[in-house]
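*Asks:* what would the 3D arrangement of this be:
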Amino acid sequence: MACRGRCYEALNKAKPYLGMVSLQFGYAGMYIIAMVAFKRGLSHYILSTYRHAVATIVVAPFAILLEKKIRPKMTLPIFLRIVLLGFLDPVLDQNLYYLGMKYTSATFASAIVNMLPAITFIMAIIFRLETVNFKKLQSAAKVVGTVITLMGQR
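*Replies:* A predicted model of the protein is given here:
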């Protein structure tokens, strides 16, 4: 009985790490699928459409069933935000990403995706959403991690 509790607790602590490893495997699989599709002549517009159609089919039932009672009412401002986000991510972001991947390699695309947290941190500093205080260990670790990430991408 005590072992179950410790195992459960250890698994609970490992969930974020397991999730990140799973996410990296998912990214790698998507890179491979995308590059094979591009080499066989599939348009990046069509691949982006297929990817989001499959994601909708997989995720929508969970959203409908699990969040039926807690989702907010659909007002005009909420609808406009959904439309804006729907345009920026799947349409603009994915199509530009696949277009760039079509003209480069999966390795380059993977390196750029892994740089996104560092770029986000730098943008947060520029827009004053994040403050850097080298007296705090967390802040110094963020800066060192960003520098290492950017140096590793060269």
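*Asks:* off-centre distance for the biggest helix by length in the chain?
*Replies:* As assigned by DSSP state H, the longest helix anywhere in the chain is helix 2-39. Remark: helix 2-39 is offset 13 Å from the chain centroid, using C-alpha atoms, centre = their mean, to the nearest Å.
*Asks:* report all helices and strands that that helix contacts.
*Replies:* Contact here means 3 or more C-beta pairs under 8 Å, 6 or more residues apart in numbering; DSSP states H and E; on that basis helix 2-39 packs against helix 44-66, helix 94-103, helix 106-126. Heads up, the C-betas are built off the backbone N, CA and C, glycines and all.
*Asks:* what lies in contact with the strand or helix carrying Arg81?
*Replies:* Secondary structure assignment for Arg81, by DSSP states H and E: helix 76-86. Here helix 76-86 makes contact (C-beta atoms under 8 Å, 6 or more residues apart in numbering) with Pro72.
*Asks:* and it with helix 44-66, angle?
*Replies:* Orientation of helix 76-86 against helix 44-66 (axes from the mean of the first three to the mean of the last three C-alpha atoms, to 10 degrees) gives an angle of 140 degrees.
*Asks:* got the CA coordinates for helix 76-86 in PDB?
*Replies:* Output of helix 76-86 as PDB, limited to C-alpha atoms (Å, rounded to 0.1, in the frame of the first residue of the first chain):
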ATOM      1  CA  LEU A  76     -19.600  39.000 -30.000                       C
ATOM      2  CA  PRO A  77     -16.300  39.900 -28.400                       C
ATOM      3  CA  ILE A  78     -15.600  36.300 -27.600                       C
ATOM      4  CA  PHE A  79     -16.500  35.300 -31.100                       C
ATOM      5  CA  LEU A  80     -14.300  37.900 -32.700                       C
ATOM      6  CA  ARG A  81     -11.300  36.800 -30.500                       C
ATOM      7  CA  ILE A  82     -11.900  33.200 -31.600                       C
ATOM      8  CA  VAL A  83     -12.000  34.300 -35.200                       C
ATOM      9  CA  LEU A  84      -8.800  36.300 -34.800                       C
ATOM     10  CA  LEU A  85      -7.000  33.500 -33.100                       C
ATOM     11  CA  GLY A  86      -8.300  31.000 -35.600                       C
END
